[in-house]
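Novice: I'd like to go over a predicted model; first the sequence, then the structure.
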Amino acid sequence: MPSNGHKKLEALKDDAAQELREFGREVRHKANDAKKDVVSKLYDAAEGIRREVRESKASKDARHSADSVARQLEKAAHYINRHSFEDMGEDVEKIVRRPPVRIVLIALVVGLVIGLIMRNSNRKLEVRGDVEIKP
């Protein structure tokens, strides 16, 4: 009888291991789908930035700045597309170990650029007579 209980325990252990492997495959599949979606959206955002600047007939400096932002978005998309989640995790660890001042400054600049883009986007909607978006 004790061997029968041991067999049942082994069967439960094997079933649990199989379920865990299936869950892992499903999670990896969904993560890869999300990764592809993020890459696509980054490329679309870069294209949209360039298109908006062209259509708005912005100054040369504004076009140059917008192109620089678009290139960085494309660079991020390329990085995400080419690296595994494990590689990205290692890179994040390296960055976090660096002095935090640089990271905070980069985050601040990115936030300001996004804020300016959003602000100009809202103004453009009001000027063109589209649906107004009020804060």
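Specialist: Nice, I can see it. In this text, all values refer to a predicted model and were calculated from it rather than measured experimentally. Numbering: from 1, shown residues only.
Novice: Tell me where the chain has strands.
Specialist: Using DSSP state E, no strands are found in the chain.
Novice: Quick check: which ranges of it have low pLDDT?
Specialist: Filtered on pLDDT under 70, the chain yields the residue ranges 1-3, 120-135.
Novice: ok, residue 70 - how many residues close by?
Specialist: 20 (other C-beta atoms under 10 Å). Using the backbone N, CA and C atoms, a C-beta is placed for each residue, glycine as well.
Novice: Same check on residue 42?
Specialist: Residue 42: 21 surrounding residues under other C-beta under 10 Å.
Novice: residues in contact with it?
Specialist: Residues near residue 42 by C-beta atoms under 8 Å, 6 or more residues apart in numbering: 73-74, 76-77, 80.
Novice: Closest one of the residues you listed to residue 119?
Specialist: Closest approach between the contacts of residue 42 and residue 119, by C-beta to C-beta: residue 73, at 18.7 Å.
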